[in-house]
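Student: from the sequence below, what's the structure:
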Amino acid sequence: MTERSEVVTGPGGGAADVPPAGEHPFRPDSPTGAGTWSLTWSGVRTVAVLELRQRVRSTRWMASLVVWMLVIGGLSALIRLTIFKQDHSDEAGATMFGVIVFLVLSLGMVISPALSATSINGDRNAGVLAIMQSTLLTPVELAVGKLLAAWVAALGLLVTALPFVLWSYLLGGTPLGRLIVTLVLLSLTLLVVCAIGLGYSALTARTSSSAVLTYVTVTFLALGLPVLFGLTLPLVSSDDTVSRRDIVEVSQTGDVTGSRCETTTVTMERVHTERTWWLLAPSPYVVVADAAPKPAGDRVSDPLTGIRLGVRSLRLGPPDIEDWCSDDVSTQNEKLRDRQAENQAPAWPLGVATDLLAGAGFLILTVRRLRTPADRLPRGTRIA
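Tutor: You can find the predicted model right below:
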């Protein structure tokens, strides 16, 4: 059996340049070439439009939006009834705003993974992905287009919940800057969640595996990090020699005549949260609460302000002087500590940067997994 050799001639009759095996004949792209990262808006838009058209045609997506709106509306009405039953002040409005924002954030992080966690392995199992990879679309265009489509779908959830957020805003107690900052950070959080789901859909062969991994990662980011922070408290506890102000009873000839505060030097165990506060920063709840501008006044009852002051107080660490005197003195010290906490550098820039870097990492992983020809694929993976 002999091998056939074929010479490809160019327009002048000479031998034409033939691309090496594995390279696309119509674009300067090889498995390791720079074409993998060639990004054009037309390519991204093409992929995003195809993805969104599939969702719009799906009756399940429209039904999900309706159910989402009904759930948000019903819970918002119950929250309004509960909070305003005994309090009709601006403080009650600020509290309702914070509760609804966290409600939208929580439900959004539950639903958003489903928008991207099956995007790539679902297309691969259906034999659609290989067709798209054989076109002039680059891997980065496929990844960014799918991410953009998932994010737009997630923003649809935020838009349908917007009337209830605005309702709580109009009840008073919430500055306009807090509303704008909150909506922007909610949008960025949904983008990061979609990127995480997209990365796992490119990494795993089964849609169930990618969905579970996405939910585990998002749950760890939102709730696991605060739990981890709590578990590290014994590791940052130490015996310190500090000044402590205690109430001392004053007596004359055995009769108690009053009390006064005295300062003594004692050794006591204290927790140095200033060493591990950064574990809380990437949590979406901390990011939203810390970045939202504080309302005017000294109230700290609304959830956003409470978390904001709490995280910044943890960043301060234990006080220089332990004050165990009367309640009036303790209240003054708490107000002083709140002012010191407000002067602390915000934690949300670190949290936003960490979350965006995580999302970017999953996007890069997706692009690398979409390169063709693939180095390896899991057993049982369908190619076309």
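Student: in the stretch 201-350 of the chain, where is pLDDT below threshold?
Tutor: Screening the stretch 201-350 of the chain residue by residue with the criterion pLDDT under 70, one finds the ranges 249-259, 297-300, 326-334.
Student: where exactly do the helices run in it?
Tutor: Assigned by DSSP state H, counting those that start in this stretch, the helices in the stretch 201-350 of the chain fall at 207-219, 225-231, 284-291, 303-316, 327-342, 348-369.
Student: other SSEs contacting the first one?
Tutor: Looking back up the chat, that one is helix 207-219. On a contact count with 3 or more Cβ pairs under 8 Å, 6 or more residues apart in numbering; DSSP states H and E, helix 207-219 meets helix 113-116, helix 119-125, helix 176-203. Where C-beta positions appear, they are placed from N, C-alpha and C, glycine not excepted.
Student: and stretch 289-302, end to end?
Tutor: Across its full length, stretch 289-302 reaches 10 Å between end residues, using Cα to Cα, to the nearest Å.
Student: out of the helices of the stretch 201-350 of the chain, deepest packed?
Tutor: A comparison of those by mean neighbour count, using mean count of other Cβ atoms under 10 Å, puts helix 284-291 on top with a mean of 25.
Student: pull the distance from it to the chain's centre.
Tutor: Its chain's C-alpha centre and that of helix 284-291 lie 9 Å apart, by Cα atoms, centre = their mean, to the nearest Å.
Student: likewise stretch 230-249?
Tutor: Its chain's C-alpha centre and that of stretch 230-249 lie 34 Å apart, by Cα atoms, centre = their mean.
Student: over to stretch 75-87?
Tutor: Between the centre of stretch 75-87 and the centre of its chain there are 28 Å (Cα atoms, centre = their mean).
Student: let the chain start at 146 from now.
Tutor: Let's use 146 as the start, then, which means that last one is stretch 220-232.
Student: now render the helices and strands packed on helix 352-364 as CSV, adding distance to residue 496 and mean neighbour count.
Tutor: Written out in CSV, the entries for the helices and strands packed on helix 352-364 read as follows (distance: least, Cβ to Cβ, whole Å; neighbours: other Cβ atoms under 10 Å):
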stretch, distance to residue 496, mean neighbour count
helix 258-261, 20, 25
helix 264-270, 26, 22
helix 321-348, 9, 22
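Student: and the helices of the stretch 346-495 of the chain as CSV, adding distance to residue 300?
Tutor: Shown next, in CSV, are these (distance: least, Cβ to Cβ, whole Å):
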stretch, distance to residue 300
helix 352-364, 17
helix 370-376, 25
helix 429-436, 16
helix 448-461, 21
helix 472-487, 32
helix 493-514, 15
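Student: still on that earlier bit, in TSV, list the helices and strands packed on helix 352-364 along with distance to residue 465.
Tutor: Converted to TSV, the helices and strands packed on helix 352-364 look like this (distance: least, Cβ to Cβ, whole Å):
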stretch	distance to residue 465
helix 258-261	45
helix 264-270	53
helix 321-348	32
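Student: quick one: closest of those helices to residue 240.
Tutor: helix 321-348 (12.8 Å; Cβ to Cβ).
Student: the closest one to helix 352-364, inter-axis angle?
Tutor: In terms of direction (axes from the mean of the first three to the mean of the last three Cα atoms, to 10 degrees), helix 321-348 departs from helix 352-364 by 150 degrees.
Student: packing partners for helix 321-348?
Tutor: Based on contacts counted as 3+ Cβ pairs under 8 Å, 6+ apart, the elements that helix 321-348 packs against are helix 235-256, helix 258-261, helix 264-270, helix 284-315, helix 352-364, helix 429-436, helix 493-514.
Student: distance from the longest one to the middle of the chain?
Tutor: If you compare the mean C-alpha spot of helix 284-315 with that of the full chain, they lie 13 Å apart, counting by Cα atoms, centre = their mean.
Student: avg pLDDT for that helix?
Tutor: Averaging the model's pLDDT scores along helix 284-315 yields 93.
Student: any idea how far the residue nearest to residue 220 when sequence neighbours are not counted is from residue 351?
Tutor: The shortest distance from residue 220 to any non-neighbouring residue, by Cβ to Cβ, 6 or more residues apart in numbering, is to residue 248 (6.0 Å). Distance, residue 248 to residue 351, using Cβ to Cβ, to the nearest Å: 31 Å.
Student: cool, residue 260 as well?
Tutor: With distances taken as Cβ to Cβ, residue 260 is found 18 Å from residue 351.
Student: please name the nearest non-neighbouring residue to residue 440.
Tutor: Skipping the residues right next to it in sequence, residue 440 comes nearest to residue 239 by Cβ to Cβ, 6+ apart, at 5.6 Å.
Student: so what's the one you found up against?
Tutor: Residues touching residue 239, when contacts are defined by Cβ atoms under 8 Å, 6 or more residues apart in numbering, comprise 317, 318, 319, 440, 444, 446, 447, 449, 450.
Student: need the phi and psi values for the first one.
Tutor: The one in question is residue 317. phi 100, psi 160 (degrees, to the nearest 10).
Student: correct me if wrong: it contacts residue 242.
Tutor: No - contact criterion Cβ atoms under 8 Å: residue 317 and residue 242 do not qualify, at 9.3 Å.
Student: higher neighbour count, those two?
Tutor: Under the neighbour definition other Cβ atoms under 10 Å, residue 317 and residue 242 were set side by side, and residue 242 has more, 28 against 16.
Student: quick one, what contacts that one?
Tutor: Residues near residue 242 by Cβ under 8 Å, 6+ apart: 310, 313, 314, 316, 318, 319, 323, 324, 447, 449.
Student: equivalent analysis for residue 258, please.
Tutor: 338, 339, 341, 342, 356, 359, 360, 363.
Student: repeat for residue 330
Tutor: Shown here is residue 330, whose contacts under the criterion Cβ under 8 Å, 6+ apart are 429, 432, 433, 436, 493, 497.
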